[in-house]
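K.L.:
Below is the sequence, then the predicted model.
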Amino acid sequence: MEIGIFGLTMSGKTTIFSLLTGVNLEEHAHKNEPLTGVAKIHDERVERLSELFKPKKTTYATLSFIDIPGYDLSANRKEKNRIFQFIQNADSLLAVVRAFESPSVPWPPEAEEPVKQLEIIKSELLLRDLEVVENRLLRLSETEKKKKLSPDESAEKEILERISQILEQEKFVSTANLAEEQLKRIGSLSLFTAKPVIVVANLDEDQFSTKKYNGKEKLVESCEENKFAYLELSGKIEQELNALSAEDRELFMSELGIEESGIQRLSRVVYEHVGLISFLTVGEDEVRAWTVKKGATALDCAAKVHTDLAKRFIKAEVISYDDFMKAGSMAEAKKLGLLRLVGREEVVHDGDIVHIRANA
């Protein structure tokens, strides 16, 4: 899962990327290229299981972020298309809009409110997708003049005509509730408006403390209308938190009324909006969290751990995290009948502890 961080210039998105991933921006100064970094997701369940099993290694789930160069409205079409190419590889988009006040940082032209920045981002993505869809429909139409379309081409044309109408209404494809099979048919087009979108309002310290900033109501309303997830972060506060010791960080967070860091809150929103869960594996060698799509089966989990496990899959032992913590050990869980032996098609849920049984 790769999340593209996208926004207008001067939105503070690169600072947020650096704080989430730990990437040193000084090493990449003056490079107008995408940066990739991985953020570790601290999970209290993993920490508590590690205390119990005392493994040689503890591994948290991670999220990969791509910091896409800032979108400059004054750039030429070639440069804008170059930026769009970087978005194609992302599974979802994190759209950063600026709310923080700073006399030393100029606002994007004609976008001094967060909602205006979001509208610009939306418009650019909609126009790009509409161009792609119309070009593909034109090619299908030209093919149809020469010969009868294949069943797959006919199905694709029908879907694209529906999508064209959606885009012309200035709506995102993600709001159309298309079936998974329909989305697969148009997957090669990498439509930006079909990707899940999380909007992050980048606030200053005062705004974050008061939960108020200019234009908040309009921004939240726009996110709800477009089915975007919404989150508030303060790059400045995250920067200060990263510089503190664990003890001082906890005290500072308490003073600000923050229970979780930015990456923890963001990861929860991403998981919920994109449709991800974590399953857990435990043992003396390693306690680990793994990320899979919601609805993943026991066989999918086996493949995530290792492809050989999926090939040699027999059964899986599954217990929810809460049930395990109540039992206190696997032996006690078995006595209480809390450990379930399931087949390959069993759906695994968030927080399930999974042990794969496989042929030697």
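P.N.:
Great, that's in hand.
K.L.:
Other residues contacting the one helix or strand residue 253 maps to?
P.N.:
Assigned by DSSP states H and E, residue 253 belongs to helix 246-256. The contact list for helix 246-256, computed with CB atoms under 8 Å, 6 or more residues apart in numbering, reads 208, 209, 237, 240, 241, 244, 259, 261. Every residue, glycine included, has its C-beta placed from N, CA and C.
K.L.:
which of those residues are buried?
P.N.:
Buried positions within those, assessed by neighbour count (16 or more other CB atoms under 10 Å), are 208, 237, 240, 241, 261.
K.L.:
Tell me which residue is most central in the protein.
P.N.:
Taking CA atoms, centre = their mean, the centroid of the chain lies closest to residue 270, which sits 4.3 Å from it.
K.L.:
now the angle from the worst-scoring helix or strand of the chain on mean pLDDT to helix 246-256?
P.N.:
Least confident element among the helices and strands of the chain, by mean pLDDT, DSSP states H and E: helix 235-242 (a mean of 78). Interaxial angle, helix 235-242 versus helix 246-256 (axes from the mean of the first three to the mean of the last three CA atoms, to 10 degrees): 140 degrees.
K.L.:
counting contacts, what elements does helix 235-242 pack onto?
P.N.:
Helix 235-242 is packed against helix 13-21, helix 205-210, helix 246-256, helix 262-274, with contacts defined by 3 or more CB pairs under 8 Å, 6 or more residues apart in numbering; DSSP states H and E.
K.L.:
what's that helix in contact with?
P.N.:
12, 15-16, 19-20, 100, 202, 204-205, 208, 249, 252-253, 256, 258, 261-262.
K.L.:
Please save the CA atoms from that helix in CSV.
P.N.:
The C-alpha trace of helix 235-242 is given here as CSV (Å, rounded to 0.1, in the frame of the first residue of the first chain):
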residue,chain,number,x,y,z
GLY,A,235,3.4,19.7,11.2
LYS,A,236,4.8,22.1,13.8
ILE,A,237,3.6,20.1,16.8
GLU,A,238,4.7,16.8,15.2
GLN,A,239,8.1,18.3,14.7
GLU,A,240,8.3,19.3,18.4
LEU,A,241,7.1,15.9,19.5
ASN,A,242,9.8,14.2,17.4
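K.L.:
now stretch 66-84: mean pLDDT?
P.N.:
The average pLDDT within stretch 66-84 is 88.
K.L.:
Give the buried residues for it.
P.N.:
For stretch 66-84, burial by neighbour count (16+ other CB under 10 Å) applies to 66, 67, 68, 69, 70, 71, 72, 83, 84.
K.L.:
Rebuild those residues as JSON lines, extending it with secondary structure and distance to residue 137.
P.N.:
Output for those, formatted as JSON lines (DSSP: H, G, I helix; E, B strand; the rest coil; distance: CB to CB, whole Å):
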{"residue": "66", "secondary structure": "strand", "distance to residue 137": "29"}
{"residue": "67", "secondary structure": "strand", "distance to residue 137": "33"}
{"residue": "68", "secondary structure": "coil", "distance to residue 137": "28"}
{"residue": "69", "secondary structure": "coil", "distance to residue 137": "30"}
{"residue": "70", "secondary structure": "coil", "distance to residue 137": "32"}
{"residue": "71", "secondary structure": "strand", "distance to residue 137": "26"}
{"residue": "72", "secondary structure": "coil", "distance to residue 137": "30"}
{"residue": "83", "secondary structure": "helix", "distance to residue 137": "25"}
{"residue": "84", "secondary structure": "helix", "distance to residue 137": "19"}
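K.L.:
which two of the residues you listed lie the greatest distance from each other?
P.N.:
Pairwise distances across the buried residues of stretch 66-84 peak at 17.8 Å for 66 and 72 (criterion: CB to CB).
K.L.:
quick revisit: buried members of the contacts of helix 235-242 into ChimeraX, please.
P.N.:
Listed next is the ChimeraX selection for buried residues among the contacts of helix 235-242, using 16+ other CB under 10 Å:
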select :12,15,16,19,20,100,202,204,208,249,253,258,261,262
